[in-house]
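Student: below is the sequence, then the predicted model.
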Amino acid sequence: MGSHKVPITFAALLYDRFQPLHSGEVVPEGIDLNFLALHHPRDIFDRMSGGKEFDASELSLSEYICRYAMGLRDFVGIPVFPSRAFRHGYIAVNSTIVKGPKDLNGKRIGVPLYTMTAAVWIRSVLKQHGVDLDSIHWVQGSFVSAEGYGKPAPMPLVEPVNITQNNSGKSLSQMLEDGDIAATIGADLPPCFRTAEHVKRLFPDFKDVEKTYFKEKGVFPIMHTVVVKRELVDKYPWLPSSLFNALNDAKEAARVRMRFLDALRYMLPWLAADIDEIDQIFGGDAWVYGVEPNRKTLEALVDALYDQAMISNKPTLDELFAPIRGQNWKVGWGTTLPKPSQ
C-alpha cells in the first residue's frame, strides 16, 4: 500500500460496534478515514443510493442486493452486518380485526417502504404462518405523519404487487388505531402501540417465537451491510479487506467491553443475564461478520427477495461480497481479543 493513506468518507450510525473506529482507537490500514456519524439509516441510504455522497457507507442489505440484481454494480459489498434484528415483534395489529396471523389474509397492511429489509423479513415470517401475501393490499407511508417515508431510489418490482401510497391524510399509526388498516410492519412499532389498548403485537410472546425460529432455521436476520464505491475498489483492491478488518476489530472491542460487568456499559438492568443468553444461543457472538458464518441468513434473504418479486435472479454470495484477506482479530488499542465462535 505504501505510506500514502487513501482518504475515505464513511457514513454510518454510531453503533457500539463502530464506536472504536469513530474514536480513532481502531485505525484501518492504509486509509485516512472520515467517519460521518449520521442519525437515521434512511438518510444514509437515500444519500448513498441516490447521490453517491460517500465513498463508503452503511446500506440496506435488501437495497444493495436488489441494485446488484438489476445490474447496478456501482457498489461493492463488504460482509460487515452492523444492524440485525429478529422481526416477529415488529408486527402491530388492530386486535378488534386481527386475532391471529391468518386473519391478515385479504387485509390492508401499512408499511413505511415495501422494499425495506425489515419488511422483507416480516413478509417471509407471515408466509411461514399461513398468510397469503398475494392477498394483501400494502399501504406505504410514514408511521408518524401523513407523508411518505424517506426519498428512496426507485426500485421496480419484477411482478405487480398491490401497493398504494397512503393518501388518507393520516399517519399509518392513526390508520391502524382507527381500523383503516389491519396491521403495520416495519423496523419499528407505530406510536399507537404505546397508547391504544386495542393495538397489540401479532406475536405477544415474540421473544420465545424468535428463539424457536433461530433454533429451527439458524437465521438471525440481517438488516444492513457496508458498501464501497466500485471505482475506489478498482483503484485500490485492498480497500474492502482493510475496512472489513477495521470494522471487525471495532466490533470485537465493543464485544469485550460489553462483557465488563463491574459497571454496566449499557442501560440494560439484566445485561449479565442477556450475555449468558447470548453465550447459550449464539455461542458468544451474535454479531459475527463474514460470509460463511452468515451463509444461512444471507441465502434466506436472497430467497425471500426472489419469492417476493423484488429480484428476477439470485446473485451468489461470492458475487455480492468482496473476498476478505488478513483477518487478524486485534484492535488498535493493543489488546488481543478472542476469535469469535464460528
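Tutor: Yep, that arrived. Here the structure is a predicted model, which is why all the values come from computation and not from measurement.

Student: which helix or strand contains Gly77?
Tutor: Assigned by DSSP states H and E, Gly77 belongs to strand 75-78.

Student: just the mean pLDDT for that strand, thanks.
Tutor: Taken as a whole, strand 75-78 carries a mean pLDDT of 98.

Student: chain center to that strand, what's the gap?
Tutor: 15 Å (Cα atoms, centre = their mean, to the nearest Å).

Student: ok, and what's touching the helix or strand just after that strand?
Tutor: Going down the chain from strand 75-78, the next helix or strand is strand 91-94, by DSSP H and E. Identification of contacts with strand 91-94 by Cβ atoms under 8 Å, 6 or more residues apart in numbering yields 104, 122, 125-126, 176-177, 179, 181-185, 189-190, 192-193, 198-203. C-beta coordinates here come from the backbone N, C-alpha and C atoms, glycine included.

Student: tell me how far the one helix or strand Glu58 maps to lies from the chain's centre.
Tutor: Assigned by DSSP H and E, Glu58 belongs to strand 56-60. On the basis of Cα atoms, centre = their mean, the separation between the geometric centre of strand 56-60 and that of its chain is 10 Å.

Student: got the contact list for the helix or strand following that strand?
Tutor: Using DSSP H and E, the next helix or strand after strand 56-60 towards the C-terminus is helix 61-69. Residues outside helix 61-69 that contact it (Cβ under 8 Å, 6+ apart): 45, 49, 74-75, 77, 81, 115-117, 120, 152-153, 155, 222-225, 227, 301-302, 305, 310-315, 319-320.

Student: try it again at 6 Å.
Tutor: Residues outside helix 61-69 that contact it (Cβ atoms under 6 Å, 6 or more residues apart in numbering) are 77, 117, 120, 155, 222, 224-225, 227, 305, 310-311, 313, 315.

Student: export it to CSV, keeping only CA atoms.
Tutor: Written as CSV, here are the backbone C-alpha positions of helix 61-69 (Å, rounded to 0.1, in the frame of the first residue of the first chain):
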residue,chain,number,x,y,z
LEU,A,61,-28.9,-5.1,2.6
SER,A,62,-32.0,-5.8,0.5
GLU,A,63,-31.5,-2.5,-1.3
TYR,A,64,-27.9,-3.5,-2.1
ILE,A,65,-28.9,-7.0,-3.4
CYS,A,66,-31.8,-5.5,-5.5
ARG,A,67,-29.5,-2.9,-7.0
TYR,A,68,-27.0,-5.7,-7.9
ALA,A,69,-29.6,-8.0,-9.4
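
Student: relative to strand 56-60, how tilted is it?
Tutor: Using axes from the mean of the first three to the mean of the last three Cα atoms, to 10 degrees, one finds that helix 61-69 and strand 56-60 are set 100 degrees apart in direction.

Student: from memory Asp16 sits against Ala254, does it?
Tutor: Yes. With contacts counted by Cβ atoms under 6 Å, Asp16 reaches Ala254, the gap being 4.4 Å.

Student: that older thread, elements contacting the strand holding Gly77?
Tutor: Applying 3 or more Cβ pairs under 6 Å, 6 or more residues apart in numbering; DSSP states H and E, we find strand 75-78 packed against strand 224-229, helix 239-258.

Student: and the longest one, what other elements does it pack with?
Tutor: So the one you mean is helix 239-258. helix 19-23, strand 75-78.

Student: so the most centrally placed residue in the chain versus Lys251, what's the distance?
Tutor: Nearest residue to the geometric centre of the chain (Cα atoms, centre = their mean): Met223, 1.3 Å. Noted for Met223: a distance of 15 Å to Lys251, by Cβ to Cβ, to the nearest Å.

Student: show me which residues of stretch 274-287 are buried.
Tutor: Across stretch 274-287, burial judged by 16 or more other Cβ atoms under 10 Å covers Ile275, Ile278, Asp285, Trp287.

Student: could you export the residues you listed as TSV, including pLDDT?
Tutor: Formatted as TSV, the buried residues of stretch 274-287 follow (pLDDT from 0 to 100):
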residue	pLDDT
Ile275	96
Ile278	94
Asp285	93
Trp287	96
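
Student: what's the closest of those to Lys211?
Tutor: Ile278 (11.8 Å; Cβ to Cβ).

Student: quickly find the element holding the residue nearest to that closest one when sequence neighbours are not counted.
Tutor: Of all residues not flanking Ile278 in the chain, Ala286 sits nearest, at 5.4 Å (Cβ to Cβ, 6 or more residues apart in numbering). Ala286 is part of no helix or strand, with elements assigned from DSSP H and E.

Student: tell me where the chain has helices.
Tutor: Ranges of helices within the chain are 19-23, 41-51, 61-69, 117-128, 172-178, 192-195, 206-217, 230-235, 239-258, 271-282, 295-307, 317-320, based on DSSP state H.

Student: re the thing from before, of Asp16 and Ala254, which one has the most company?
Tutor: Remark: of Asp16 and Ala254, Ala254 carries more neighbours, 20 against 17, as counted by other Cβ atoms under 10 Å.
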